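Undergrad: can you look at this prediction? I've put the sequence above it.
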Amino acid sequence: MESRYVNLIDTLYDASVNQGALDQFVQQLAQLTDSTVGGIFSRDDTTAQKGFVSSYGASTETLTHFERSSEFHRDFCSHLTPQPVTGSIAYTQDILPGERLHSANFYSGFLKPQGLEQANCLFIEHGSNRSLTANFMRERSQGNYEASQQTLFRHVMPHLQRTFRLKQQTNDLHLHQSQAWEMLKVIPYGVIVFSNQQKVMYVNQAAEQMVFASDGLALHNTHLSANISSENKQLRHLLKSTIDSTVNPNVPMMGGDLLISRPSGKRSYSVMVNPISAVGNSGGTYPAAIVIVQDHEQDFDAPIERMRMLYDLTPAESRVAHQMMLGKSLESCAESLGHTVSTSRNLLKRVFAKTETGRQNELVSLMLRSPLNFLPRWGGQTRRG
């Protein structure tokens, strides 16, 4: 195979992760087949997405505009017998030869306004809810697509299908990764994710607050550091060895725990460094280690409404339960809420009954292990199903 065809396929596979390469591929294939205009069209009814995502010879906006006004693909397919399937290729010169083409709606609404005559559709994927096609078009003076050009389109088709399957998998991976980052926002601990290149990839809000306080930990563009030199050396070594263990398959997965002192005199941060498996990562940058930081001085501040709805407590019972979570005594609770000690004691007994606990330490343990310990993303307003 000629080097220009090899370069064409190489560019196509690069397009699975690089949008710019997809535009370059469309341009190269258009030039090799003497096409004036080329583009990749995508329709996905589940997301209401419909339009050209890559093009050459005309902008994606222009092609999408004419597609929407003329329903080019739908009208094109209406002239096909049998109907197209995934992997098939159709040419206007075959389905509507000669002047018959000029009576088609897709010709008058899509091709003619752009000064184009002949077109094809490469059905990369074709289904009732989703369709992905490559379209190449040429001016009247260029005539029909020749046999050698049609052969090139046939040779390219399986590579197009593989590329877009890879592209979809990559998009799914990014989506799943984005969803994973979103989930980490609700964790009441500081979370920092490092890449295999030892650079920060993600920091949740709790971790941002900890490092912003500058009370023992600092976060720089590429690394996490501790205030005390000896602890910083331990932290850096632990983080590096953990990441290295995910990069080298011959090294057992490593991780560890340590305490980070705080200049304020508050209780030390508990830090856990845990490896992230590199399985499924074929190269490039990927998450390699997750650092979880717990602040033992952090108050448990579950919204009263969430406590009430979760355990079916009355507002008064919820307020007493909340005071218990803060480590208050019955006397302090009664003073804070304006109750007598006897009233607070009776309310606490009802809380014990509803939560199936018998002592304050059991109640605290239960609630610390409940969803109340996570930070809601919906504003804290709970609804019963």
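TA: Looks like it arrived, so ask away. None of the values given here were measured: they were computed from a predicted structure.

Undergrad: C-alpha from now on. contacts and neighbour counts both.
TA: OK.

Undergrad: wouldn't residue 315 be in contact with residue 304 here?
TA: Yes: here residue 315 reaches residue 304: they are 7.4 Å apart, a contact under C-alpha atoms under 8 Å.

Undergrad: how about the strands of the stretch 101-250 of the chain, start to end?
TA: For the stretch 101-250 of the chain, strands defined by DSSP state E, counting those that start in this stretch occupy the ranges 118-126, 130-138, 190-195, 200-203, 217-219, 224-226.

Undergrad: least reliable of these by average pLDDT, please.
TA: With a mean of 82, strand 200-203 has the lowest mean pLDDT of the strands of the stretch 101-250 of the chain.

Undergrad: so what strands line up beside that strand?
TA: Strand 200-203 has its sheet partners listed here by DSSP bridges as strand 190-195 (antiparallel).

Undergrad: kindly export the strand it pairs with (C-alpha atoms) in PDB.
TA: Coordinates of the C-alpha atoms in strand 190-195 are reproduced here as PDB (Å, rounded to 0.1, in the frame of the first residue of the first chain):
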ATOM      1  CA  GLY A 190      -9.900  15.500  51.900                       C
ATOM      2  CA  VAL A 191      -9.200  13.600  48.700                       C
ATOM      3  CA  ILE A 192      -6.300  14.300  46.300                       C
ATOM      4  CA  VAL A 193      -5.600  12.200  43.200                       C
ATOM      5  CA  PHE A 194      -2.200  12.000  41.700                       C
ATOM      6  CA  SER A 195      -1.200  10.900  38.200                       C
END
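
Undergrad: show residues contacting that strand.
TA: Counting by C-alpha atoms under 8 Å, 6 or more residues apart in numbering, strand 190-195 makes contact with 184, 200-208, 210, 243, 285-294, all of which sit outside it.

Undergrad: quick one: it to chain centroid distance?
TA: From the chain centre to the centre of strand 190-195 is a distance of 16 Å (C-alpha atoms, centre = their mean, to the nearest Å).

Undergrad: residue 315 and residue 304: who's more crowded?
TA: residue 304 (20 against 14; other C-alpha atoms under 10 Å).

Undergrad: for that one, what are its contacts?
TA: Residues in contact with residue 304, defined by C-alpha under 8 Å, 6+ apart, are 315, 318, 319, 322.

Undergrad: what separates it from residue 326, distance-wise?
TA: When distance is defined by C-alpha to C-alpha, to the nearest Å, residue 304 is 13 Å away from residue 326.

Undergrad: what are the boundaries of the helices in the stretch 101-250 of the chain?
TA: Read by DSSP state H, counting those that start in this stretch, the stretch 101-250 of the chain holds these helices, from start to end of the chain: 105-106, 147-184, 205-212, 229-247.

Undergrad: quick one: which of those is nearest residue 23?
TA: Taking C-alpha to C-alpha as the criterion, helix 147-184 is the member of the helices of the stretch 101-250 of the chain that comes nearest to residue 23, at 13.2 Å.

Undergrad: so which of the contacts of residue 304 are in strands?
TA: With DSSP state E as the criterion, strands contain none of those.
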